[in-house]
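J.: Here's my sequence, what's the structure:
(chains A and B)
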Amino acid sequence: MAEQAVTAQSEDFSRWYNEIVYRADLAAPSPVRGCVIIKPYGYEIWEGIKAGLDRRFRATGHQNAYFPLFIPESYIKREAEHVEGFSPELAVVTHAGGKKLEEPLVVRPTSETVIGEAFSDWIQSYRDLPLLINQWANVVRWELRTRPFLRTAEFLWQEGHTAHATAAEAEAETRQMLDIYADFAMDDAAIPVIKGEKSRLERFAGALRTYTIEAMMRDKRALQSATSHNLGQNFAKAFAIDYLSENNVQAYCWTTSWGMSTRMVGAVVMAHGDDKGLRLPPKLAPYQVVIVPIVRRDTQRSAVMDTVERLRATLMAADIRVHVDRRDGQSPGFKFNDWEMRGVPVRMEIGPKDVENGNAVLARRDVPGRAGKQFVSQASITDVVRDLLADIQRSLLDDARAFRDSHIVDVADYAQLCDAVAAGEWARAAWAGSDIDEQRVKDETGATIRCFPFDQPERVGKCIATGESADKVALFAKAY
RNA sequence: CGGGGCGUGGCGCAGUCCGGUAGCGCGCGCGGUUUGGGUCCGCGAGGUCCUCGGUUCAAAUCCGGGCGCCCCGACCA
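T.: Sure thing, here's the model as predicted:
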């Protein structure tokens, strides 16, 4: 019997997600609770994300470095809110080398503390500023409930850490990095994100302000896809990151931190995937084109494979990532379904008829069935494929944007917000409430303030919690 | 940590109530057949039935202890 199709998204989105992650070969279960093995196909998506971000970081003057995995426990305790925020989820090493350690070592949940300590040594003068550092690393947070990519006990990310002479510069850096994340999300991952500021309740432990990009998944839940924190002088004071100014005055630095993680792989899966599986944006797809050779009789094999090989070389020479499915035991129909599940943007079929006619069949993943198929001349293959990939990249973004926009509603009072959230929509509402009001919304509806969007309406109206006139709208949604 | 469920070849499960020495589907290997939307047939490999103890002539099955995992909540990139 043929392999079963995946669970439909509409039937059980979580189950769909889990099945896709394993069946598309992105990840495998690990022996340790809450951790996953990232398999080559999933890791290549992550490497695409890394490449897209790293390029942008360098272009804005950041340098990569690497700090230790272990952090002295006392460091974590130096910044009050930071301890409170992270203590419950720390993994701590108490023994090493067969002995109990004098001071336990925390496995980093994030590196503000160690990096702050290092910055304190590195920065003496205003001439040392700004200091713009990024690191690619793994971090550990002992989460109670985990899901592959979205929330794992250990995850990969980049964390940027910068120090500046003035508050204004730190704020500009924080905003610049958020813009970079948003640009990456839209351009490379084809995910339209909403930029905004976090509420006090959702803010990073120890930050002055936290900015976020929020994305809508296909089940309409929100996913915080990256954050950028203006840390003010909190960490500078806790770690003595100070400098001597031009005027010979000792002053504390203003610092920032910002990160995007392997969660983004989950975002790509959930923002674009459909009932047939993944739909990868061409810019992040490990394979942009997969060639499925079709051979009816052995006598045709060499002619077909010669053509396949020639087309593969042509596309590769044009920097298109192409893979030939040479598997012997599977029928073409099986392979079509398999590559659709794995989200390859373009499938090329080459059979005896195509060899004879000098044609190739191209099928685009984002348009199902016959409508997505076209016959093209082998002679023009490079241009056609290049245009097709660009078009798929664009259409995935357009689809996701249309989907998102059709599920955000403006609400005028609390009852409307409850209705909207109950229907799974995102709700935009005037907000001037307190932390307690915000907590109440969360307790009663399950939705949280995802952000106060930068993009604000002309007129705001009355707060849905207090009835007083508000100066901004907040975006409410259920989140991962 | 509260509520629910489950541990049996790589994966998904049946067998447990009523004890008799393990079976099905997928996957895997070999041979043949097929190939433009999930081919078909045959042969074959693969299991300390989570663990420790007890009852019994005999335990996947009954009894007791332990461990682990999953789902739903609270916490979270």
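
J.: Which is the succeeding secondary structure element to the host helix or strand of residue A:139?
T.: Per DSSP states H and E, residue A:139 falls inside strand A:131-140. Going down the chain from strand A:131-140, the next helix or strand is strand A:154-164, by DSSP H and E.

J.: packing partners for that following strand?
T.: Strand A:154-164 sits against helix A:40-59, helix A:112-122, strand A:131-140, helix A:167-187, strand A:254-261, with contacts defined as 3 or more Cβ pairs under 8 Å, 6 or more residues apart in numbering; DSSP states H and E. Bear in mind the C-beta positions are built from the backbone N, C-alpha and C, glycine included.

J.: how about the nearest residue to residue A:209, chain neighbours excluded?
T.: With sequence-adjacent residues excluded and distances taken as Cβ to Cβ, 6 or more residues apart in numbering, residue A:209 is closest to residue A:230, at 4.5 Å.

J.: so the one you found sits in a helix?
T.: No. Counting by DSSP: H, G, I helix; E, B strand; the rest coil, residue A:230 is not part of a helix but strand.

J.: average pLDDT across stretch A:247-267?
T.: The average pLDDT for stretch A:247-267 rounds to 96.

J.: try stretch A:350-358
T.: Mean predicted confidence for stretch A:350-358 is 95.

J.: How about exporting it as PDB, limited to the C-alpha atoms?
T.: Provided in PDB are the C-alpha atoms of stretch A:350-358 (Å, rounded to 0.1, in the frame of the first residue of the first chain):
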ATOM      1  CA  ILE A 350      12.400  14.800 -18.200                       C
ATOM      2  CA  GLY A 351      11.000  11.700 -20.100                       C
ATOM      3  CA  PRO A 352      11.500  10.200 -23.600                       C
ATOM      4  CA  LYS A 353       9.000  12.600 -25.100                       C
ATOM      5  CA  ASP A 354      10.900  15.600 -23.800                       C
ATOM      6  CA  VAL A 355      14.200  14.200 -25.100                       C
ATOM      7  CA  GLU A 356      12.600  13.900 -28.500                       C
ATOM      8  CA  ASN A 357      11.000  17.300 -28.500                       C
ATOM      9  CA  GLY A 358      13.800  19.200 -26.800                       C
END
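
J.: So which bits of it are buried?
T.: Counting neighbours by 16 or more other Cβ atoms under 10 Å, one finds that the buried residues in stretch A:350-358 are A:350-352, A:354-355.

J.: ok, is it in contact with RNA strand B or not?
T.: Yes. Against RNA strand B, stretch A:350-358 shows contacts by Cβ under 7 Å from any atom of the strand at A:350-354.

J.: sorry, back to before: contacting residues for the residue nearest to residue A:209?
T.: Contacts here follow Cβ atoms under 8 Å, 6 or more residues apart in numbering; on that basis residue A:230 touches A:170-171, A:174, A:207-211, A:254, A:256.

J.: again with residue A:338
T.: Residue A:338 touches residue A:330, counting by Cβ under 8 Å, 6+ apart.

J.: Tell me which of the helices and strands packed on strand A:154-164 sits most buried.
T.: Among the helices and strands packed on strand A:154-164, ranked by average contacts under mean count of other Cβ atoms under 10 Å, first place goes to strand A:254-261 (a mean of 26).
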